[in-house]
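*Asks:* I'll drop the sequence and a predicted model, then ask my questions.
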Amino acid sequence: MASEVSGPLAGIRVIEFGNLIAGPYCAMLLADLGADVVKVEHPNGDLARAFGPYVDGVSYYFAAINRGKRSIAVNPRHTEAAPWIRKLCLGADVIVNNLRYGAMSRAGLGYENLRDDNPGVVYAEVSAFGNTGPDAERAGIDILFQGESGMMSITGAEGDPPMKTATTVGDFLAGTNAALAISAALAGRATTGRGRRVDVSLRDGLIAIQSAWNAMFFADGRQPGRIGTASWFTGPTGTFETRDGYLNIAIVSDRHFELFCDVMGLDIASDPRFASNELRVANRATLHDLVGEITATATTDEWMARLLEVGLPVGRLKTIPETFDDPQVRHNQMRVELPHPQLGTVPVTGSPMRIDGNESISRGAPPELGEHTAQVLGQLGASHAEIEALVAAGAVRLP
């Protein structure tokens, strides 16, 4: 097994048919939790392998979302390979895919093709817009979901054009949602013995995480405006310039506002314009101007020290290099060095999950394309001669 973790999903076999992010990220989270993940790739490989940055020909992009897996390079629709892939799926606890609509069914690997012979399988499909409905067959990618979920309409500063978030948040969220639903389905199977079909839509996930902004629309039919780093719900909240940089401040209660005014030397705690959170939000522009005039008089370090001393929520704006140099980030092991056959080690982002005080992360290296083809087929009962015949026929690929 690629995974070295003895986690809560130890003994669970996951078969992943994934490309790029959402499906592979879901399967990686399951590997982090101890599952044995077999990644089924076309002989040309997961598209993520063709994405940089590269170090000595190794894609760090691919490594970022594929640790702890075994890779089998095979064409599931090849007549000589199909029986072996079906056998692999019939022995699975979980099947995950984020392929184009209908691809699994066309390969004879849809839920309806497997459920009778593997009634305990948890079959998870991560789709763009959902597996049923008028948009089921549409192709999708993250920027489309951000645009069509309303997210871009609320992101950015007032007067600016629509803006997406920097990261492909829809993909990573969908992978997380799918891993959560799969874990719940496995828990249910423990008592019923019955598998489940899981359907997770990328766009639906983005709509769901905007619940607070959606509530504004539900309340009065109003489209929330773009207000940059400020908040529609608390004030003063946002990014403020200091003498040498920037500071994020979030004040969420009347008591915090009183403390904040005292530390900042602002004589406005009793100002009727700011007497409640609702009023502070309503008078946000005036309040932020007053706060900004004060923050500009001292350095970021000075304000951090003063505000942290009284327990107020305050933070720096950090670059990615600064983030990974942060003592708490290092303590939480959010950068992990994994063994790699070509590079010796490869750095990846750590896991945010802790179980029993320990990080939940597979220490298995991101697999080379087809690295475990012979191993997995051998476990299915294929002889050396049969594997060689599959290779000769172009049905599978060895590394």
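*Replies:* On my side now, so go ahead.

*Asks:* pLDDT weak spots in the stretch 51-200 of the chain?
*Replies:* Regions of the stretch 51-200 of the chain meeting the criterion pLDDT under 70 are absent.

*Asks:* show me where it has strands.
*Replies:* Secondary structure of the stretch 51-200 of the chain (DSSP state E, counting those that start in this stretch): strands at 54-55, 58-59, 69-74, 94-97, 122-127, 197-201.

*Asks:* need the longest helix for this protein.
*Replies:* Using DSSP state H, we find that the single longest helix of the chain is helix 169-192.

*Asks:* how about the strands of the stretch 51-200 of the chain, which one is nearest Arg243?
*Replies:* strand 54-55 (39.0 Å; Cβ to Cβ). For glycine as for every other residue, the C-beta is placed from the backbone atoms N, C-alpha and C.

*Asks:* where's that closest one relative to the chain centroid, distance-wise?
*Replies:* 22 Å (Cα atoms, centre = their mean, to the nearest Å).

*Asks:* direction included, what does that strand pair against?
*Replies:* strand 58-59 (antiparallel) (DSSP bridges).

*Asks:* now do the partner strand: everything it contacts.
*Replies:* For strand 58-59, the external contacting residues (Cβ atoms under 8 Å, 6 or more residues apart in numbering) are Ala48, Arg49, Ala50, Phe51, Gly52, Pro53, His340, Gln342, Leu343, Val346.

*Asks:* between those, which is nearest Leu99?
*Replies:* Ala48 (13.6 Å).

*Asks:* could you report the neighbour count for that closest one?
*Replies:* 20 (other Cβ atoms under 10 Å).

*Asks:* you'd agree it is up against Leu20?
*Replies:* Yes. Applying Cβ atoms under 8 Å as the test, Ala48 and Leu20 come out as touching, 5.2 Å apart.

*Asks:* for Val37, which of the strands of the stretch 51-200 of the chain is the nearest?
*Replies:* So among the strands of the stretch 51-200 of the chain, strand 69-74 is nearest, using Cβ to Cβ, at 4.4 Å.

*Asks:* on that earlier part again, make CSV out of the strands of the stretch 51-200 of the chain and add distance to Leu259 and mean neighbour count.
*Replies:* Formatted as CSV, those follow (distance: least, Cβ to Cβ, whole Å; neighbours: other Cβ atoms under 10 Å):
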stretch, distance to Leu259, mean neighbour count
strand 54-55, 48, 14
strand 58-59, 49, 19
strand 69-74, 49, 26
strand 94-97, 48, 27
strand 122-127, 45, 26
strand 197-201, 42, 21
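
*Asks:* possible to save those as a markdown table with distance to Ser362?
*Replies:* Shown next, in a markdown table, are these (distance: least, Cβ to Cβ, whole Å):
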| stretch | distance to Ser362 |
| --- | --- |
| strand 54-55 | 21 |
| strand 58-59 | 18 |
| strand 69-74 | 8 |
| strand 94-97 | 15 |
| strand 122-127 | 19 |
| strand 197-201 | 22 |
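
*Asks:* quick one: closest of those strands to Asp326.
*Replies:* Among the strands of the stretch 51-200 of the chain, strand 54-55 comes nearest to Asp326, with 23.7 Å by Cβ to Cβ.

*Asks:* which outside residues touch the closest one?
*Replies:* Tyr60, Leu343, Val346.

*Asks:* out of these, which comes closest to Thr297?
*Replies:* Tyr60 (42.4 Å).

*Asks:* burial of the closest one, as a residue count?
*Replies:* 16.

*Asks:* ok, for Ala157, nearest residue in space, not its chain neighbours?
*Replies:* Distances taken as Cβ to Cβ, 6 or more residues apart in numbering place Gly228 nearest to Ala157, at 3.8 Å, with adjacent residues excluded.

*Asks:* how about that neighbour, secondary structure?
*Replies:* coil (DSSP: H, G, I helix; E, B strand; the rest coil).

*Asks:* tell me what the longest helix of the chain is packed against?
*Replies:* helix 22-32, strand 94-97, strand 122-127, helix 142-148, strand 197-201, helix 202-208 (3 or more Cβ pairs under 8 Å, 6 or more residues apart in numbering; DSSP states H and E).

*Asks:* and the residue nearest to the spatial centre of the chain, how far from Pro366?
*Replies:* Against the mean C-alpha coordinate of the chain, by Cα atoms, centre = their mean, the closest residue is Phe172 at 2.2 Å. Counting by Cβ to Cβ, to the nearest Å, the gap from Phe172 to Pro366 is 17 Å.

*Asks:* and the helices and strands packed on helix 169-192 as TSV, adding distance to Met334?
*Replies:* Converted to TSV, the helices and strands packed on helix 169-192 look like this (distance: least, Cβ to Cβ, whole Å):
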stretch	distance to Met334
helix 22-32	13
strand 94-97	25
strand 122-127	25
helix 142-148	22
strand 197-201	25
helix 202-208	23
